[in-house]
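In: Fold the following.
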Amino acid sequence: MNTWNENELVNYYTPKDALVRMKDYDCVSRMLEERLKEYAENVAVIDDGKEYTFAELDKKTGALRKKLIDSGIKKGDRVGVFYPNCADFEIAALAAISCGAVAVLLPYHLDEQTLFGCSMKYKLKAVISSEGVNEKLAFAFEKNPSMINIEADKVEEGYAPYVYSEQEEGCVVIFTAGTTGTSKAALLSHKAVMAGIKNSCLGCPVIFEQRYFLMLPLTHVFGFIRNMLCAVYTDSCLYICRNTKNAFREIPTYNPTVLVLVPALANMALELTKMMGTAILGNSLKLIVCGAATVFPNLVAGYNEIGVSLLAGYGLTESANLVSGNPKTLEKPTSVGLLYPNQEYKVVDGELLIKGDNILTEYLENPEDTAAAFSDGYFKTGDLVKFDEEGYMYIVGRIKDVIVLSTGEKIAPAEVEAEFGTVDFVKDCLIYEENDSLVLEVLPHTPVINSLNDEAKKAACMEELNKVNAKLPDFQKVSKIILRTEDFERTPSMKIKRPAQKV
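Out: Numbers count the residues shown, from 1 in each chain. Predicted structure coming up:
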């Protein structure tokens, strides 16, 4: 068992003036009440051409909080939030949390049958939406008539005081990505969410008074905590991009200083800078925080060349945002960094187990998976890891993704994918088993895809990949390499959907 020494991430890599302002709160409601009033005149959110100050956010949140309380919502009740990315999503989520309820973030891509199923399984007392976006909820309200329909766009003026919660009480439910199976509903306490917010700040060179540009779903832990709540905590402005197809037309106008991205989006942005120039990212971008999937070295190097720091990290929905952050991505580009402070961890049979304030309380209405996820109070991450001599962590793979060949050899796909990810033209890749052999599918960067009809260039790409393959141990060698010309199938959070492994 180890308790991580916080000196490096806190004392060496976090600005001293920021540390003074990183106040601890016992619940999210107290944080919201204090920060929204402290930063009252500053712009908190920009959405659909409209600016909202922190004071306006407080006013709108307070009015909706009153509506919830007047509708009979009590402390601990579960309230669904159903919106696409927009300011109304933030107002609804903050109102639910600050009236003492548990905000259940319903992914906007869910169909009407699934929404009804969620309303029943998770015992939703109400769902907040608006007249223009709640058509898919009609079936749920019809079949579950006891569930209260809160149409936020019809809320009248009013204001209810903040309701404070105990640290261990539920704050928010966020659904896991479910890359190879069914997603689960992770219940995070106020203590966990506040730990996740504070971890967002540690080890970053820029923290307060930043300009964030939101591209990730607010129903994703990275979008909700690292983008939205961190912006509130740090007096930063959040620009909400409603349609990612328009992102690179909107970014130069807004000029963000920080982007929080998954690698697929970071790759897309870097490719565009090579085709259209760095102005596509504005002229103020300082930092990209990147996580939720493997970050390849060429991505780190590419951003460094244009003067942008890319910091890779590792985290899970169940850990309320990031568990580790890497302030040395140039020196250690394949590492996910140092574990954040105030966590206990151990490695059992290669798997990382964590205990700390940031860990989920339970999988909601799922006692079997909850029990299986913990061992002696430690959360079993399911990730295989290793550490170097300086304590920097490396993800070897996911236990559930491990491929077992007929020879008995066990292969962690992520470990092999990381080797091929060192090739400059590799944007993303996937290893899987087929007929008891390993197959590698590679998605090159766009300029390379466009050249693959040239047989000589295609052969040169294959030669580079075969060089990597030749250096691998025999049991990790791939028997077939496929160069893709189209992207992989991905989850809403942009992770590659992996094929199910044979049992």
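
In: any low-confidence regions in the stretch 151-300 of the chain?
Out: Residues of the stretch 151-300 of the chain that meet the criterion pLDDT under 70 lie in 178-181.

In: What segments of it are strands?
Out: For the stretch 151-300 of the chain, the strands defined by DSSP state E, counting those that start in this stretch occupy 170-175, 185-189, 211-214, 237-240, 258-261, 287-290.

In: In CSV: the ones you listed, plus mean neighbour count and distance to Glu434.
Out: Yep, even glycine has a C-beta here, placed from its N, CA and C like the rest. CSV is the format used below for those (neighbours: other Cβ atoms under 10 Å; distance: least, Cβ to Cβ, whole Å):
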stretch, mean neighbour count, distance to Glu434
strand 170-175, 26, 30
strand 185-189, 26, 33
strand 211-214, 24, 38
strand 237-240, 23, 42
strand 258-261, 25, 31
strand 287-290, 24, 30
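
In: Could you dump those strands into JSON lines with distance to Arg226 added?
Out: Listed next are these as JSON lines, based on distance: least, Cβ to Cβ, whole Å:
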{"stretch": "strand 170-175", "distance to Arg226": "12"}
{"stretch": "strand 185-189", "distance to Arg226": "13"}
{"stretch": "strand 211-214", "distance to Arg226": "9"}
{"stretch": "strand 237-240", "distance to Arg226": "11"}
{"stretch": "strand 258-261", "distance to Arg226": "5"}
{"stretch": "strand 287-290", "distance to Arg226": "7"}
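
In: Quick one, which of those strands gets closest to Leu299.
Out: strand 287-290 (7.4 Å; Cβ to Cβ).

In: the strands in the stretch 1-150 of the chain, which residues?
Out: Ranges of strands in the stretch 1-150 of the chain, per DSSP E, counting those that start in this stretch, are 2-3, 43-47, 50-53, 78-81, 102-105, 126-129, 148-151.

In: So which of those is nearest Asp428?
Out: Closest among the strands of the stretch 1-150 of the chain, using Cβ to Cβ: strand 102-105, at 26.7 Å.

In: Give me the contacts around that closest one.
Out: Residues outside strand 102-105 that contact it (Cβ atoms under 8 Å, 6 or more residues apart in numbering): 76-81, 92-93, 96-97, 118, 122, 124, 170-175, 185, 187, 218-219, 224.

In: Show me what counts as buried in that strand.
Out: Using 16 or more other Cβ atoms under 10 Å as the test for burial, strand 102-105 gives Val102, Ala103, Val104, Leu105.

In: Distance check, the first one against Val172.
Out: Put plainly, it is Val102. 7 Å (Cβ to Cβ, to the nearest Å).

In: So for these two, which residues contact both of them?
Out: Common neighbours of Val102 and Val172 (criterion: Cβ under 8 Å, 6+ apart): Leu187.

In: Secondary structure class of Leu443, three-state.
Out: strand (DSSP: H, G, I helix; E, B strand; the rest coil).

In: isn't it right next to Phe488, touching?
Out: Yes: contact criterion Cβ atoms under 8 Å: Leu443 and Phe488 qualify, at 6.4 Å.

In: okay, those two: which has more neighbours?
Out: Just comparing Leu443 and Phe488: by other Cβ atoms under 10 Å the higher neighbour count belongs to Leu443, 23 against 16.

In: returning to what we had before: how about TSV for the strands of the stretch 1-150 of the chain, with distance to Met31 added?
Out: Formatted as TSV, the strands of the stretch 1-150 of the chain follow (distance: least, Cβ to Cβ, whole Å):
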stretch	distance to Met31
strand 2-3	25
strand 43-47	14
strand 50-53	17
strand 78-81	18
strand 102-105	15
strand 126-129	20
strand 148-151	23
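
In: Any idea which of the ones you listed gets closest to Glu166?
Out: Closest among the strands of the stretch 1-150 of the chain, using Cβ to Cβ: strand 102-105, at 12.7 Å.

In: Alpha carbons only: can I get the closest one in PDB?
Out: The C-alpha coordinates for strand 102-105 follow below in PDB (Å, rounded to 0.1, in the frame of the first residue of the first chain):
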ATOM      1  CA  VAL A 102     -28.800  13.900  -6.800                       C
ATOM      2  CA  ALA A 103     -28.400  15.000 -10.400                       C
ATOM      3  CA  VAL A 104     -28.700  12.100 -12.800                       C
ATOM      4  CA  LEU A 105     -27.000  13.100 -16.100                       C
END
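
In: quick one: pLDDT of Glu390?
Out: According to the prediction, Glu390 has pLDDT 89.

In: Can you verify my assumption that Ala96 contacts Val81?
Out: Yes: using Cβ under 8 Å, Ala96 and Val81 qualify as a contacting pair, with a distance of 6.3 Å.

In: of all the strands of the stretch 1-150 of the chain, which lies closest to Ala266?
Out: By Cβ to Cβ (comparing all of those), the closest turns out to be strand 43-47, at 22.0 Å.

In: Quickly list what the closest residue to Lys355 other than its chain neighbours is bridged to.
Out: Nearest residue to Lys355 in three dimensions, chain neighbours excluded: Glu344, at 4.4 Å (Cβ to Cβ, 6 or more residues apart in numbering). Beta bridges link Glu344 to Thr3, Lys355 when assigned by DSSP bridges.

In: Ile354 versus Glu344, what's the distance?
Out: Distance from Glu344 to Ile354, by Cβ to Cβ: 7 Å.

In: Need the residues touching each of the two.
Out: Tyr378.

In: Please identify which of these two sits among more neighbours.
Out: Legend: neighbour count by other Cβ under 10 Å for Glu344 and Ile354, higher for Ile354 (21 against 15).

In: Kindly provide the distance from the more buried one to Cys237.
Out: Plainly put, Ile354 is 32 Å away from Cys237 if you go by Cβ to Cβ.

In: show me where the stretch 1-150 of the chain has helices.
Out: With DSSP state H, counting those that start in this stretch, the ranges of helices along the stretch 1-150 of the chain come out as 16-21, 28-38, 54-70, 87-98, 112-121, 138-143.

In: Cool, thanks, talk later.
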